[in-house]
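Visitor: Provided below for reference: sequence and predicted model.
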Amino acid sequence: MTRQERADHVLKRLGQLYPDPPIPLDHTDAFTLLVAVLLSAQCTDVRVNQITPALFKLGNTPAKLAEAPLEDIMAIVRPCGLGPQKAKAIKELSGLLLTKHQGQVPASLEALEQLPGVGHKTAQVVMAQAFGEPSFPVDTHIHRLAQRWGLTTGKSVLQTERDLKRLFPKDSWNKLHLQIIFYGREHCTARGCDGTVCEICRTCFPERQKAKCNRKA
């Protein structure tokens, strides 16, 4: 298979498996999504969804979280890991949204990336899921799968992002990054698949399976 043929197979198969993938982080608007994605760094979506109800009860708008005591925010988000940094970023970005963006989350990748605690991946998730702008957020898990499936040889998530954007139609990006995440969690985990176990790995690289069988013989 060529790289493009592998990409075409991935797109078709993931479309069959996950025709309408949900956004895994609970939220009600662009602001609560932004905060949830920020909290998800080095933390599971399940844990974030357990924590955000209490946080959004404290404040679910930039105005309310900008006024909330930092200690109260920190006490809630601490189980996510990096609690002090995340709490400070949430309070500071809430204030900046008020002073620079009329209390609204900006629909601009560049403006989002200038907010405290908001990196490139977080900004792309918000652009994709809150505003419907074509984006392809690549985290370490998508980076790993793209390498395993022979879709990139990139050494960084940014290079992988560029490679994936070249391989897949622009109108598939927003859904596809979620489909890859769900497939990776359910079928192609870091420990559960070594590139020869799951269906996509076996289809994209049947020679790996043969080599594995020969080693066991």
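Guide: Structure received. Numbering: from 1, shown residues only.
Visitor: so who does the nearest residue to I142 once chain neighbours are set aside touch?
Guide: In this structure, I142 finds its nearest non-sequential neighbour in I180, 5.2 Å apart by C-beta to C-beta, 6 or more residues apart in numbering. For the C-beta atoms, the positions are set from N, CA and C on the backbone; glycine is no exception. By C-beta atoms under 8 Å, 6 or more residues apart in numbering, the contact set of I180 is 10, 14, 141-142, 145-146.
Visitor: now with 10 Å?
Guide: If you count contacts by C-beta atoms under 10 Å, 6 or more residues apart in numbering, I180 has them with 10, 14, 18, 21, 136, 138-139, 141-142, 145-146, 149, 151, 164, 188, 200.
Visitor: would you mark the buried spots in the helix or strand where it lies?
Guide: I180 is part of helix 173-186 when elements are defined by DSSP states H and E. Using 16 or more other C-beta atoms under 10 Å as the test for burial, helix 173-186 gives 173-181, 183-184.
Visitor: now do the domain split for this structure, please.
Guide: 3-20+137-216, 30-129 (automatic domain parsing).
Visitor: so which bits of stretch 24-31 are buried?
Guide: 24-27, 30-31.
Visitor: over to the closest residue to H101 other than its chain neighbours. Which of the three states is it?
Guide: Nearest non-adjacent residue to H101, counting by C-beta to C-beta, 6+ apart: A111, 7.2 Å away. Under DSSP: H, G, I helix; E, B strand; the rest coil, A111 falls in the helix class.
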